[in-house]
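K.L.:
just coords:
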């Protein structure tokens, strides 16, 4: 039972003032601007947008500044703001095949139509502190070339030509909207993917790692990882056709997984899928591995009791805002609850003491 705290208004106001002071830090140091966060901490901005379910780099940067760099707090701010926005309609499904790729790699085929693009990645850095960054922020301009007009088809399409990978049938069924309706079980794949795309990156990474360590049969190859911008189109009822209203950066990952076949399906590869806002490739790969593990039932595989195969466990614990709310609520006053527990412990101690006295007398 929670108890309202009275008489603490001045203390709360002082706490808010202290928080603002700590957020600003030393006033002799130039204040961090929203534009600086957006441009120079872009991966943090991407995570806040992805887990906040709102694509707006400026608002995500503002939330990070307000939250003093606490990304879960920033995600909470973005989710709360999102609920105040009107909904004018829904966009058309984005076509990731038409992505303008900044990065495109495959671990299954070396030579791809459209080529592999390393892009801005930490993969080949030495993981040594660069003390030059502490002195100045000057950078050498990266070499550039004209973007190729060649198509960049999905790698899994190559396997599909030989029937070596499961089909991904087109489905026009309107998916449930997790941002407007509560999560309910059983959850179909569309709903699971929605939940995973805004799940906590660390939680999803841990589950994905567990599948690689043997807690679900899930030996995966990254068929393709692509990062880039795609146009967003929306059909305007007055016009009767779709028009482009903007573009978003996405990270898409398709994993290729072994499958020994079943009574109705021949041996072939299966798919895991991840799609996340911004450049968030660790999250997209993790999402694809967990997605594949959750598909055990529809593929006729055994449930080996791995956490990553348990849909309820995964989806009900993956949302860091829900988890944070329940975890941190124990900071609130529980005076009545605790007094009850206190009286119970005292009573048990009295009864235990009386029993010992009686045994000694006998």
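P.N.:
Sure, I can see it. Only a predicted model underlies this, so the values are computations on that prediction, with no experimental measurement involved. Numbers count the residues shown, from 1 in each chain.
K.L.:
from now on I want contacts and neighbour counts done on CA atoms only, so please keep to that.
P.N.:
Fine.
K.L.:
lowest-pLDDT helix or strand in this structure?
P.N.:
Least confident helix or strand of the chain, by mean pLDDT, DSSP states H and E, is helix 156-161 with a mean of 80.
K.L.:
what sits up against that helix?
P.N.:
With C-alpha atoms under 8 Å, 6 or more residues apart in numbering as the test, helix 156-161 has contacts from 165-167, 223-224, 254, 256.
K.L.:
so how far is that helix off the chain centroid?
P.N.:
Relative to its chain's centre, helix 156-161 lies at 28 Å (C-alpha atoms, centre = their mean, to the nearest Å).
K.L.:
ok now the next helix or strand after it, how far from the chain's centre?
P.N.:
Counting by DSSP states H and E, the next helix or strand C-terminal to helix 156-161 is helix 189-197. Taking the mean of its C-alpha atoms, helix 189-197 sits 10 Å from the chain's own mean (C-alpha atoms, centre = their mean).
K.L.:
go through the helix or strand following helix 189-197 and flag the buried ones.
P.N.:
Per DSSP H and E, the first helix or strand lying C-terminal to helix 189-197 is helix 201-212. In terms of neighbour count (16 or more other C-alpha atoms under 10 Å), helix 201-212 has its buried residues at 201, 203-205, 207-211.
K.L.:
what helices and strands are in contact with helix 201-212?
P.N.:
Contact here means 3 or more C-alpha pairs under 8 Å, 6 or more residues apart in numbering; DSSP states H and E; on that basis helix 201-212 packs against helix 281-294.
K.L.:
what about the helix it packs on, distance to the chain center?
P.N.:
Distance of helix 281-294 from its chain centroid, counting by C-alpha atoms, centre = their mean, is 10 Å.
K.L.:
now do whatever helix or strand comes next after that helix: distance to the chain's middle.
P.N.:
The first helix or strand that comes after helix 281-294 along the chain, using DSSP H and E, is helix 311-317. The chain centroid and the centroid of helix 311-317 are separated by 14 Å, computed with C-alpha atoms, centre = their mean.
K.L.:
do stretch 233-247 as well
P.N.:
28 Å.
K.L.:
with residue 334 as the reference, measure out to the nearest residue to residue 297 once chain neighbours are set aside.
P.N.:
Leaving aside its chain neighbours, residue 297 sits nearest to residue 303 (7.6 Å; criterion: C-alpha to C-alpha, 6 or more residues apart in numbering). Relative to residue 334, residue 303 is positioned 41 Å away (C-alpha to C-alpha, to the nearest Å).
K.L.:
quick check: mean pLDDT of stretch 128-143?
P.N.:
Stretch 128-143 carries an average pLDDT of 83.
K.L.:
my bad, should have said stretch 348-361
P.N.:
Stretch 348-361 comes out at a mean pLDDT of 84.
K.L.:
from what I can see residue 203 touches residue 316, true?
P.N.:
No: Residue 203 is beyond contact range of residue 316, at 11.5 Å (criterion: C-alpha atoms under 8 Å).
K.L.:
straight-line length of stretch 248-268, end to end?
P.N.:
End to end - C-alpha to C-alpha - stretch 248-268 spans 34 Å.
K.L.:
I am finished for the moment; much appreciated.
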